[in-house]
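In: Mind looking at a prediction? Sequence and model below.
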Amino acid sequence: MRMGILLNRNTENADKYTGNSFDRRTVTRYAIRHGLLAPKYMRKVSWRLAIKAMPREVVRFIQSRFGELKVSEARYEDLLSEVDEYYPKYLSYIRQNIYSLH
C-alpha cells in the first residue's frame, strides 16, 4: 500500500511537468542553489554506498558497467538473482545511514 501511495505521488508530479523540458545546466544550477548533490556525482555516490551493502560485481551489474564485467549468459541470470537478494539490503543501508542524518 505504501508503494502505491509513492507511485501515485510520482505520477502526479510527472503529470505536472509533462511537456516541460529541462537541460543539464538547469538541473545542476537548481541542485547547487538548494544545497543538493550535483547530478554528475549521483553515480559515484551511489557506487560508494552500494559497495558497502553488496558485492562489487553486483553493483557493477546494476550500474551497467559491462566493460568492467565479464558476464556469460548463465552468470547474467545469477547476477539477476543476486540483485534481487542484495538490493533490499542496499535500500535498508541507505535508510539507516542517510535518512537518519536529517
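Out: That came through, no problem. Numbering: from 1, shown residues only.
In: hey, where'd the strands end up in this structure?
Out: Taking DSSP state E, the chain contains no strands at all.
In: all helices for the chain, in order.
Out: With DSSP state H as the criterion, the chain has helices at 2-17, 24-33, 42-50, 56-62, 73-97.
In: Just send those back as CSV, with mean neighbour count and mean pLDDT too.
Out: Bear in mind the C-beta positions are built from the backbone N, C-alpha and C, glycine included. Written out in CSV, the entries for the helices of the chain read as follows (neighbours: other Cβ atoms under 10 Å; pLDDT from 0 to 100):
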stretch, mean neighbour count, mean pLDDT
helix 2-17, 9, 55
helix 24-33, 11, 89
helix 42-50, 14, 92
helix 56-62, 19, 90
helix 73-97, 13, 89
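In: Now do the residue nearest in space to the middle of the chain against residue 28, distance only.
Out: By Cα atoms, centre = their mean, the chain has its centre lying nearest to residue 46, at 6.3 Å. Residue 46 is 17 Å from residue 28, where distance means Cβ to Cβ, to the nearest Å.
In: does the residue nearest to the centre of the chain really touch residue 60, like I thought?
Out: No. Using Cβ atoms under 8 Å, residue 46 makes no contact with residue 60, being 12.0 Å away.
In: so what's the residue nearest to the centre of the chain closest to, chain neighbours aside?
Out: Leaving aside its chain neighbours, residue 46 sits nearest to residue 63 (7.2 Å; criterion: Cβ to Cβ, 6 or more residues apart in numbering).
In: same thing with residue 86?
Out: Nearest to residue 86 is residue 54, by Cβ to Cβ, 6+ apart, at 3.6 Å.
In: was I right about that neighbour contacting residue 89?
Out: Yes. Counting by Cβ under 8 Å, residue 54 does reach residue 89; the two are 6.4 Å apart.
In: Skipping adjacent residues, who's closest to residue 94 in space?
Out: Spatial nearest neighbour of residue 94, excluding adjacent residues (Cβ to Cβ, 6+ apart): residue 49 at 6.2 Å.
In: Likewise for residue 92?
Out: In space, residue 92 is closest to residue 53, 7.7 Å off (Cβ to Cβ, 6+ apart).
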